[in-house]
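A.B. asks: Got a predicted model here, sequence first, then my questions.
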Amino acid sequence: MPVGRSVTSPRRIGVAIAWIALLLALAGLVRRELIVGNDLRSFMPPARSAEQKLLLDEIGDGPASRLLLLALGGAPPERLARLSHDLVAALHRDDRFSESLNGETDLTALDPKLLPYRYLLSPTLDHAAFDAAYLRAQLEQRMADLGSPAADLLKPLLASDPTLETLVLAERWTPARTPPLREGVWFSAHDEALLLVQTRAAAFDPVAQHDAISALQAAFAALPDAAGAHLEISGPGYFGDIVSTHTRAEAEWLSAIGLLGFAALLLLAYRSVAVLALVVLPIASGAIAGLAATALAFPAVHGITLAFGFTLLGVAQEYPIRVFSHRRAGASIEASVGGVWPLLRLAIVSACIAYLAFFASGVTGLQQLAVFTITGLLVAGAATRWLLPVTLPLQFVDVETAPWLERVRRALDALPRPRWLPWLVLGVALAMLALAPAPFWQNDLAALTPVPPALLKREGELRAALGAPDVRYLLVLDGADDEQLLVLSERLEPQAEKWKSSGLVDDVDLPSRWLPSITTQRARQAKLPDRAALEAALADAQRELPFRSGLFAPFVADIESARTLTPLTPRAFAASPLGARLQAMLTRRDGRSVALATLGGVHDADRLALAIGAAGIDGGHAGLLDLKTASESLVASYRERIGRALGAALLLLAAAVALAFRDVRRAWHVIAPMSLATLLALAVLRACGVSLSLFHLVALTLAAGLGLHYALFFERRTDSVAEERRTLHATLICVGSALLVFGLLATSTLPVLRAIGLTVALGVGFHFCLSTQMARPRS
Amino acid sequence: MLKTPLILDGALHYGGRDELGKSVAQPYVETTAISAGKVEVRRSGKPVQRFSLERAPELQALLTAFSALLGGDAATLALYYRIDAQQDGARFTLTLTPQRADLARHLADVVVDGSGAEPRCFAFRQTDGDSSVMLLGPLAAIALPQPLTAPAVSALCRSAAP
């Protein structure tokens, strides 16, 4: 027997075990070293304009999109109020949350250390002076207040603050719309306690969001009174979390069934358990090597790179199948593998050359994808060529002896192969593309991972009840420094009132709402009267009014100390809770100060954008940032790049094949069915009303890679019918397994899985049919 | 806080379960209208203040009780106050002591003097010793005792109907 000349069965098993051990060790190492980023920015084209740069920094990171909306229910209001209070206290201690509000924060309690600052922070002195006439009018008001049922609320403030600046400030700092208070906390009309929580993690970061949401749920469950009550969470971060969890669960479930079917198919085809164990080793080697190379070359790898990379690497699953099916009875493994290796090598090398096109894209994510895929394909191919043969069991069945295979081969040969058929297919495909109803591209990536409508509706209700800011629009201000930014913000204040009164927007949270510029604070300070003048004015104002003399001494003292205060800067203000809120709005970018102000209830974005755009000052400007449009335009420009890269890849592929064959006619027989099948799959998708996304493009690329194999092997000249049967066997197993795995994904309820599954399954079917028609040599 | 009790001259309008109007003519001009949970306060030369009753739970409790008193709804009144009633012929005195802690923090009691079915004085006494008294109907028209002190006003409220 010539088989297995020097390598015995136990040694083969030993090599296989060593291989597996090496893979496990490498996998452990990669797992430790690999940093998976979820930052969408690395997958976006480099920003060119300042606006784009800002968007890339803020996409999914805007303050409004980091808000979680909470509703507590299922218990009497008093208990819910207590739970709301305790939950906020618990979240304040947790670093994952930057803000937790339930209506309790007492805005009248300006940090006591900052109390004298009220005269610098309140706008009262902009239009009034603390003279006898003004104080007289104020004291008359206070007398009326004392006669009203609200007297109790105002009495504690009266002596130190007869002009009620603390209330003016509280009113200024109250959001335009907040839920009514019950038992001191926010409640909805349906007896639920409402809360607003802001996570530090960005909404697009599903890992960190999942962590924060789990922490939130655990904090609620740990409250002593939580039994029976329930916590409802809503908001973009939560949706991202449940959608990705749901997608992963369904993908894993469908893949598990697919893998079981794949295993059954292999057992049926090769009748060997060893084959089942060995078939995964080349692709696993490729994947781990790809990960290692990417981890070495880049500081962090994006989750999407991995998802797309693993999809594209699916091509490598065919390599071992080609080796298994082409083993010949009576020939050594070396001789059998050597027979198919030139074609396999051609397929691998041309695919790698094609993916080089991704390098030229200039997008980090795509370059990572190229490193991962090229390394993966090369290693999987090398493992198939040099490692797999020394581990294969010596006992095997030559597949060509199966009678059914000969029947299939004869049936295929008997099929008519009219030369006009490909041209007809081309015509039909072009017609379908031209007449397709839906828009060509789907720019809204969220449409592929949709949030259930019931959850969105509920979010809308909670957002309205809480008066929570809009997640789509932000007002962007920038200035040379914080002071210029605040001056700009103050200029915008009267404009913002106009926007509100003309119904463009419900609320604008400008930074100067929280802290006036130093210029303004100084101007107000200059208008504060000295002690003698104030005491004289007060005595005059109090005449004939029933207030006790000396009652307002604390007021006089506060004004006296306010006269010498150093104006507050955002940095100094940040130590107090209100200042922290302001600080969260401000960032430094390229040496300039930038503020992102949230907007509540945007009703007419176009007119608002125009109004805001017209409101800039010297050295500072304001703009409306539409996160949805902006991110869609980024997705479009990214997709344009990936589309161009794929087009270039196809050309490189054709050139590589033609060069290898040194025969344009033979190259045409391989490239033509592959290109036509890709076009046909695209046309059928479009005719079914599918708008294309990145996921479709990547799936089409995988299908094209598989189709290249079918065409290459069918085109192979051989004078042996037995070898033809082996080729047919390998191709049928490959097509069958791809249809099984991706056909299952196509049944998914989730659009993103359906997009990949349906596209690959359709593509594989067309590639197979057109290859049998166009690539096989005519006898 | 104040040297003398605050004397308000004006009118109360009770328009049903959750409608209450108060207009003050002296010493300042103010009208307050509460309707369906919304409060509107108008003062001369000032923009109208509007707010939801729900924003001020203490105010809501006070006005619910007030409304219950004018509407003769003893059950609702008893939710908020302990009621001591004294009857002397046609005259009556109701002393309302707040039951709920949030009300009792500032309000010591409300004394309502009246004759027949008509309330004539509302005296709000606060925990810090200040008080405000509202004279209604015929009492509002007569000359006030001098010097104006709390006991003098109280005696006026309890005097025989003029």
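C.D. replies: Great, that's in hand.

A.B. asks: going forward, measure contacts between C-alpha atoms and count neighbours the same way
C.D. replies: Will do.

A.B. asks: If whichever residue of chain A sits closest to chain B is in a bridge, with which residues?
C.D. replies: Residue nearest to chain B within chain A: residue A:547 (4.7 Å; Cα to the nearest Cα). Applying DSSP bridges to residue A:547 gives these bridge partners: residue B:2.

A.B. asks: In contact with it, which residues are there?
C.D. replies: Residue A:547 makes contact with B:1-3 under the criterion Cα atoms under 8 Å, 6 or more residues apart in numbering or on different chains.

A.B. asks: Where is pLDDT lowest across those residues?
C.D. replies: Least confident entry in the contacts of residue A:547, by pLDDT: residue B:1, with 71.

A.B. asks: That one contacts residue A:550, correct?
C.D. replies: No - using Cα atoms under 8 Å, residue B:1 is not in contact with residue A:550; the gap is 10.0 Å.

A.B. asks: Okay, and the most centrally placed residue in chain B sits in which element?
C.D. replies: When Cα atoms, centre = their mean is applied to chain B, the residue found nearest the centroid is residue B:122 (4.3 Å). Assigned by DSSP states H and E, residue B:122 belongs to strand B:118-126.

A.B. asks: name the helices or strands packed onto that strand?
C.D. replies: Under the contact criterion of 3 or more Cα pairs under 8 Å, 6 or more residues apart in numbering or on different chains; DSSP states H and E, strand B:118-126 touches strand B:107-115, strand B:131-135.

A.B. asks: Output those in a markdown table, with mean neighbour count appended to each entry.
C.D. replies: Formatted as a markdown table, these follow (neighbours: other Cα atoms under 10 Å in any protein chain shown):
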| stretch | mean neighbour count |
| --- | --- |
| strand B:107-115 | 21 |
| strand B:131-135 | 22 |
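
A.B. asks: okay, these in TSV with mean pLDDT next?
C.D. replies: Converted to TSV, the helices and strands packed on strand B:118-126 look like this (pLDDT from 0 to 100):
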stretch	mean pLDDT
strand B:107-115	85
strand B:131-135	76
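
A.B. asks: JSON lines for those strands, including distance to chain A?
C.D. replies: JSON lines is the format used below for the helices and strands packed on strand B:118-126 (distance: least, Cα to the nearest Cα, whole Å):
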{"stretch": "strand B:107-115", "distance to chain A": "8"}
{"stretch": "strand B:131-135", "distance to chain A": "6"}
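
A.B. asks: Have a look at chain A and report the helix or strand with the lowest mean pLDDT.
C.D. replies: The weakest-scoring helix or strand in chain A, judged by mean pLDDT, DSSP states H and E, is helix A:50-58 (a mean of 62).

A.B. asks: Sketch out the helices for chain B, chain order is fine.
C.D. replies: Counting by DSSP state H, chain B has helices at residues B:57-71, B:74-80, B:101-104, B:150-158.

A.B. asks: What residues sit buried inside the shortest one?
C.D. replies: I take that to be helix B:101-104. B:103-104 (16 or more other Cα atoms under 10 Å in any protein chain shown).

A.B. asks: Restrict it to CA atoms and write it as PDB.
C.D. replies: Output in PDB follows, covering the C-alpha atoms of helix B:101-104 (Å, rounded to 0.1, in the frame of the first residue of the first chain):
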ATOM      1  CA  ALA B 101     -47.600  66.700  58.800                       C
ATOM      2  CA  ASP B 102     -46.800  68.700  55.700                       C
ATOM      3  CA  LEU B 103     -49.600  71.100  56.400                       C
ATOM      4  CA  ALA B 104     -49.000  71.300  60.200                       C
END
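
A.B. asks: who's more crowded, residue B:1 and residue A:550?
C.D. replies: residue B:1 (16 against 13; other Cα atoms under 10 Å in any protein chain shown).

A.B. asks: Quick one: residues contacting the more buried one.
C.D. replies: A:547-548, A:551, B:130.

A.B. asks: now with 7 Å?
C.D. replies: A:547-548, B:130 (Cα atoms under 7 Å, 6 or more residues apart in numbering or on different chains).

A.B. asks: what about chain B, any weak spots by pLDDT?
C.D. replies: Under the criterion pLDDT under 70, the flagged ranges of chain B are B:5, B:17, B:52-62, B:65, B:102, B:140, B:160-162.

A.B. asks: What is the strand or helix carrying residue A:745 packed up against?
C.D. replies: Element membership of residue A:745 [criterion: DSSP H and E] is helix A:721-746. In terms of contacts (3 or more Cα pairs under 7 Å, 6 or more residues apart in numbering or on different chains; DSSP states H and E), helix A:721-746 is packed against helix A:236-270, helix A:318-325, helix A:403-414, helix A:751-774.

A.B. asks: which ones are touching residue A:294?
C.D. replies: Taking Cα under 7 Å, 6+ apart, we find residue A:294 in contact with A:368, A:371-372.

A.B. asks: Among the residues you listed, name the ones in helices.
C.D. replies: A:368, A:371-372.

A.B. asks: Would you reformat those residues as JSON lines and include neighbour count, distance to chain B and pLDDT?
C.D. replies: Shown next, in JSON lines, are those (neighbours: other Cα atoms under 10 Å in any protein chain shown; distance: Cα to the nearest Cα, whole Å; pLDDT from 0 to 100):
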{"residue": "A:368", "neighbour count": "28", "distance to chain B": "56", "pLDDT": "88"}
{"residue": "A:371", "neighbour count": "24", "distance to chain B": "61", "pLDDT": "93"}
{"residue": "A:372", "neighbour count": "30", "distance to chain B": "60", "pLDDT": "93"}
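
A.B. asks: Residue A:172: neighbour count?
C.D. replies: Neighbours around residue A:172, by other Cα under 10 Å: 15.

A.B. asks: next one: the one 10 residues further on
C.D. replies: Neighbourhood size, residue A:182 [other Cα under 10 Å]: 19.

A.B. asks: which residues does it bridge with?
C.D. replies: Judged by DSSP bridges, the bridge partners of residue A:182 are residue A:185.

A.B. asks: Please identify the buried residues of stretch A:527-545?
C.D. replies: Neighbour-count burial for stretch A:527-545 [16+ other Cα under 10 Å]: A:527-529, A:534-535, A:537-538, A:541-542.

A.B. asks: Please apply the same query to stretch A:772-779.
C.D. replies: A:772-776.

A.B. asks: Dump it to PDB, keeping only the CA atoms.
C.D. replies: Extracted in PDB, the C-alpha atoms of stretch A:772-779 (Å, rounded to 0.1, in the frame of the first residue of the first chain):
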ATOM      1  CA  THR A 772     -22.600  24.400 -14.400                       C
ATOM      2  CA  GLN A 773     -23.900  26.300 -17.400                       C
ATOM      3  CA  MET A 774     -21.000  28.500 -18.300                       C
ATOM      4  CA  ALA A 775     -17.800  27.100 -16.700                       C
ATOM      5  CA  ARG A 776     -17.800  23.400 -17.400                       C
ATOM      6  CA  PRO A 777     -16.000  22.500 -20.600                       C
ATOM      7  CA  ARG A 778     -18.300  21.400 -23.400                       C
ATOM      8  CA  SER A 779     -17.700  17.800 -24.400                       C
END
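
A.B. asks: how far away is the residue of chain A most remote from its centre from residue B:12?
C.D. replies: Relative to the centre of chain A, the most outlying C-alpha is that of residue A:544, 67.8 Å out, by Cα atoms, centre = their mean. Taking Cα to Cα, to the nearest Å as the measure, residue A:544 and residue B:12 are separated by 26 Å.

A.B. asks: Looking at chain B, which residue is nearest chain A?
C.D. replies: residue B:2 (4.7 Å).

A.B. asks: That residue is in contact with residue A:548, isn't it?
C.D. replies: Yes - between residue B:2 and residue A:548 there is a contact at 5.4 Å, judged by Cα atoms under 7 Å.

A.B. asks: Compare neighbour counts for those two and give me the winner.
C.D. replies: The residue with more neighbours, out of residue B:2 and residue A:548, is residue B:2; 16 against 12, by other Cα under 10 Å.

A.B. asks: re earlier: okay, the helices of chain B, which one's buried deepest?
C.D. replies: helix B:57-71 (a mean of 19; mean count of other Cα atoms under 10 Å in any protein chain shown).

A.B. asks: where does the stretch 401-550 of chain A have low pLDDT?
C.D. replies: Along the stretch 401-550 of chain A, segments meeting pLDDT under 70 span A:445-449.
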